[in-house]
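J.: just a sequence and a predicted model for now, questions to come.
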Protein chains: 2
Amino acid sequence: MLNYSTSEENYIKAIFHLQKQDGTVTTNELANELKTKPASVTDMMKKLKIKKLLHYQPYQGFRLSTEGNKVALGIIRRHRLWEYFLAEKLKFTWDEVHEVAEDLEHVTNKKLIDKLDEFLGFPRVDPHGDPIPDANGRIEISKKIGLPELPLNIPAVVSSVSDQSSEILELLQHKKITIGTKLEVKKKFDFDHSMEVRIGRQPAFTISRELAENIFVKYDT
Amino acid sequence: MLNYSTSEENYIKAIFHLQKQDGTVTTNELANELKTKPASVTDMMKKLKIKKLLHYQPYQGFRLSTEGNKVALGIIRRHRLWEYFLAEKLKFTWDEVHEVAEDLEHVTNKKLIDKLDEFLGFPRVDPHGDPIPDANGRIEISKKIGLPELPLNIPAVVSSVSDQSSEILELLQHKKITIGTKLEVKKKFDFDHSMEVRIGRQPAFTISRELAENIFVKYDT
DNA sequence: ATATATTTTTAGATTTGTCTAAAAATATTT
DNA sequence: AAATATTTTTAGACAAATCTAAAAATATAT
C-alpha cells in the first residue's frame, strides 16, 4: 500500500462518503464537500485516475476503484480509532473528536494504528456509532437494529418497518417518519420503554415502546 | 501563537537542537541535519526571519528568537509526550518511538496535547530520559529523581541514597548498588510497587518499594 | 596579501495543490 | 430542436518548498 498526501487522502475520503448516497460522485458535489473549487477537483481526479484509485471519464463523474476503496477504508479506520481514543481516553466530548481526528488520521503508520487498536480493545464503533474498519479493511456493514437498541444521540436512518399495517403507517405518517428519515434518540424511559426522538433540529417527540420495536434503523455513515 | 507548516516546524526544531552545542547555527549544519540542500536552508531562513522566529544576517548564521524558542519548545513538548504515549501505552520499544513521534508532533491542537499530558499523568521525561516541556514551555533541567519515577529501560546513574542506615547499606552492598552504578528499570509491578532492575548486561533482579524510594538517580549522559 | 577553497546566497526551474477566467460539454427549458 | 443555463474542463497563474548551477562572500593556505 503506497502513501498518499494529506490532500489526496481528503479527496479519497470525501468520495467514499459521497458514494454512499448514490453510486457516482460529481465534480460539484466534491468541490462543495471539500470547500474547494471545481477546477481543483478536476485536477485531482486526473491525478487519482493515473494512480488507479478511481474510475473517471471526463464529464461522467467518478467512483473509487477497488484499490481506492481500500485506501479510503484505511483512512476511515485511522480517523475512527483516533476519535474513539479522544473520547474514551482523553475525555473529549463526542462533538469535539471529529475535528482533531481530521489531523491525526493522516499519520500513516500501520504499527501505530494497529497498536492503538489493540490498546483501545479493538472497538467496533466510534463515538458517533460509525463502524471502525479492522486491520484488513473489513468493516461491519452497518446492520439494521431496532430503535430500542439505538444508543442515545447517535444519528441513524430509518431503514425499514416490520409491521406494514395501515395502523402503523398512519401513525408513522403523523409523526413524519418514513424510510430514509434521519433521527436520533434523545431519551429513553425505563418505566414504559417509551423514548424521545428528534428529527433534524425539530423539537423531540415521544414514541411508544410498541412503535419503537417496529422501527429499524441503520447507523448514518 | 500562530501556526507553522510541518516544514517550518522541522527547521525550527533542528535549529533548537543544533543551538545547544554552540550558540549559532550555520547553513551547512542545518542542511546536513535536515538532509536538504544549503539553498533550501537559505530560502527558509529568509522566511523565518520575516516571521520573526530567528535572528539572521546573510553569511552570519542564525539563532532562534525568543518567539522561535517558544515555538520550538511547543514542538518538543508534543514530540516527547507522544513518545511517552507510544512507549508507555502502546508498548513500543524506546528505539521505535522517535520516528512515529516525528509525524504526530505536527498535529498542533493545544487541547489535544494538554489532555494527552493529563492522561499520561504529566510525565516529566520521555522514554529517552529527555525532559518534557510543560504547557507553558517550561523545561526541567535534568535533576536527580527517585528510582520509582525512572521510566522503564532508561539508563540512569545512582547519584545518592537518602537513608544512610547500616541496614540499607547492607542491602545495597548485597545488590551491588553504589553511587555511580549505571542501571535500568526493566519492569514495575503495580501490586507491591517492587521493580526489576538491571545493571549492565547482568540478569535483572528485584528491588522492593522501600528500597527504590531511597535510591536517587540521574539520567545517564 | 594574494590565490585557492569553502560556504552561502541568488537566480531560475520543478512539483504539488490551489485559484480565476474562459472554453467546452452536458442538461434544461421553451 | 434551438436557445439557454449549468456543469465540467482547460489554460494559465500563483504560493510553498524544494532543487541545480552559477555568483558572491567569507575563510584558509601558501
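T.: Nice, I can see it.

J.: just the buried residues of the lengthiest helix in chain A, please?
T.: Using DSSP state H to define each element, chain A has its longest helix at helix A:66-88. For helix A:66-88, the neighbour count (16 or more other Cβ atoms under 10 Å in any protein chain shown) marks A:68-69, A:71-87 as buried. Any C-beta I mention is one placed from the backbone N, CA and C, and that applies to glycine too.

J.: of these, list those near DNA strand C.
T.: With the criterion set as Cβ under 7 Å from any atom of the strand, no member of the buried residues of helix A:66-88 is near DNA strand C.

J.: show me what the lowest-mean-pLDDT helix or strand in chain A is packed up against.
T.: Least confident helix or strand, chain A: strand A:156-161 with a mean of 83, by mean pLDDT, DSSP states H and E. Packed against strand A:156-161 by the contact rule (3 or more Cβ pairs under 8 Å, 6 or more residues apart in numbering or on different chains; DSSP states H and E) you find helix A:166-174, strand A:182-188, strand A:215-219.

J.: angle of that strand against strand A:182-188?
T.: 100 degrees (axes from the mean of the first three to the mean of the last three Cα atoms, to 10 degrees).

J.: strand A:156-161: partners in the sheet, and parallel or antiparallel?
T.: Strand A:156-161 sits in its sheet next to strand A:182-188 (antiparallel), strand A:215-219 (antiparallel), going by DSSP bridges.

J.: any regions of chain A where pLDDT drops low?
T.: Along chain A, segments meeting pLDDT under 70 span A:21-22, A:94, A:128-129, A:164, A:221.

J.: only alpha carbons, please: show the longest helix of chain A as CSV.
T.: Extracted in CSV, the C-alpha atoms of helix A:66-88 (Å, rounded to 0.1, in the frame of the first residue of the first chain):
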residue,chain,number,x,y,z
THR,A,66,-11.2,-1.4,-5.6
GLU,A,67,-7.8,0.0,-4.6
GLY,A,68,-9.2,3.4,-3.9
ASN,A,69,-11.8,1.8,-1.6
LYS,A,70,-9.1,0.0,0.3
VAL,A,71,-7.2,3.3,0.8
ALA,A,72,-10.4,5.0,1.9
LEU,A,73,-11.1,2.3,4.5
GLY,A,74,-7.6,2.7,5.8
ILE,A,75,-8.1,6.5,6.3
ILE,A,76,-11.5,5.9,7.9
ARG,A,77,-10.0,3.3,10.2
ARG,A,78,-7.4,5.7,11.4
HIS,A,79,-10.0,8.5,11.8
ARG,A,80,-12.4,6.5,13.9
LEU,A,81,-9.8,4.9,16.1
TRP,A,82,-8.5,8.3,17.0
GLU,A,83,-12.0,9.5,17.6
TYR,A,84,-12.5,6.6,20.0
PHE,A,85,-9.2,7.3,21.7
LEU,A,86,-10.0,11.0,22.1
ALA,A,87,-13.4,10.3,23.5
GLU,A,88,-12.6,7.3,25.6
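
J.: that one and chain B in contact?
T.: Yes: using Cβ under 8 Å from any Cβ of the partner chain, we find that helix A:66-88 touches chain B at A:Leu86.

J.: hang on, the earlier thing: quick one: which of the helices and strands packed on strand A:156-161 is nearest A:Phe119?
T.: A:Phe119 lies closest to strand A:215-219 among the helices and strands packed on strand A:156-161, at 23.8 Å (Cβ to Cβ).

J.: what residues does that closest one touch?
T.: A:125, A:129-131, A:142-147, A:150, A:154-162, A:172, A:177, A:183, A:207 (Cβ atoms under 8 Å, 6 or more residues apart in numbering or on different chains).

J.: let's go with 10 Å and repeat that
T.: Residues outside strand A:215-219 that contact it (Cβ atoms under 10 Å, 6 or more residues apart in numbering or on different chains): A:125-126, A:128-131, A:140-151, A:154-163, A:168, A:172, A:175, A:177, A:179, A:181-185, A:197, A:207.

J.: which residues are in contact with A:Gly61?
T.: A:Gly61 touches A:Asp22, A:Gly23, A:Thr24, A:Val25, A:Thr26, A:Thr27, A:Glu29, A:Leu30, A:Met45, A:His55, counting by Cβ under 10 Å, 6+ apart.

J.: which among these end up buried?
T.: Using 16+ other Cβ under 10 Å as the burial test, those include A:Val25, A:Thr26, A:Thr27, A:Glu29, A:Leu30, A:Met45, A:His55 as buried.

J.: pull the most distant pair out of those residues.
T.: A:Glu29 and A:His55 (15.9 Å).

J.: returning to what we had before: in strands, which of the buried ones among the contacts of A:Gly61 fall?
T.: Taking DSSP state E, the ones among the buried ones among the contacts of A:Gly61 that sit in strands are A:His55.

J.: turn the buried ones among the contacts of A:Gly61 into TSV, including distance to chain B.
T.: Shown next, in TSV, are the buried ones among the contacts of A:Gly61 (distance: Cβ to the nearest Cβ, whole Å):
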residue	distance to chain B
A:Val25	28
A:Thr26	32
A:Thr27	28
A:Glu29	28
A:Leu30	25
A:Met45	26
A:His55	31
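
J.: tell me the one of the buried ones among the contacts of A:Gly61 nearest DNA strand C?
T.: Relative to DNA strand C, the closest of the buried ones among the contacts of A:Gly61 is A:Thr26; by Cβ to the nearest atom of the strand it sits at 9.6 Å.

J.: the closest one and A:Thr42 touch, don't they?
T.: No: with contacts counted by Cβ atoms under 10 Å, A:Thr26 stays clear of A:Thr42, the gap being 11.1 Å.

J.: buried residues in the least confident helix or strand of chain A?
T.: Buried residues in strand A:156-161 (16+ other Cβ under 10 Å): A:Ala156, A:Val157, A:Val158, A:Ser159, A:Val161.

J.: ok, now which ones touch the fourth one?
T.: This points to A:Ser159. A:Ser142, A:Lys143, A:Lys144, A:Ile145, A:Ile179, A:Gly180, A:Thr181, A:Ile215, A:Phe216, A:Val217, A:Lys218, A:Tyr219.

J.: could you report the neighbour count for the third one?
T.: A count of neighbours around A:Lys144, defined by other Cβ atoms under 10 Å in any protein chain shown, yields 16.

J.: in which helix or strand does A:Asn153 reside?
T.: Following DSSP states H and E, there is no helix or strand that holds A:Asn153.

J.: what are the phi and psi angles of it?
T.: When read as degrees, to the nearest 10, the backbone of A:Asn153 gives phi 60, psi 20.

J.: how many residues are close by it?
T.: Residues lying near A:Asn153 (other Cβ under 10 Å) number 15.

J.: so it sits right up against A:Asp95, yeah?
T.: Yes: at 9.5 Å, A:Asn153 counts as touching A:Asp95 under the criterion of Cβ under 10 Å.

J.: how much space between A:Leu172 and DNA strand C?
T.: Distance from A:Leu172 to DNA strand C, counting by Cβ to the nearest atom of the strand, to the nearest Å: 31 Å.
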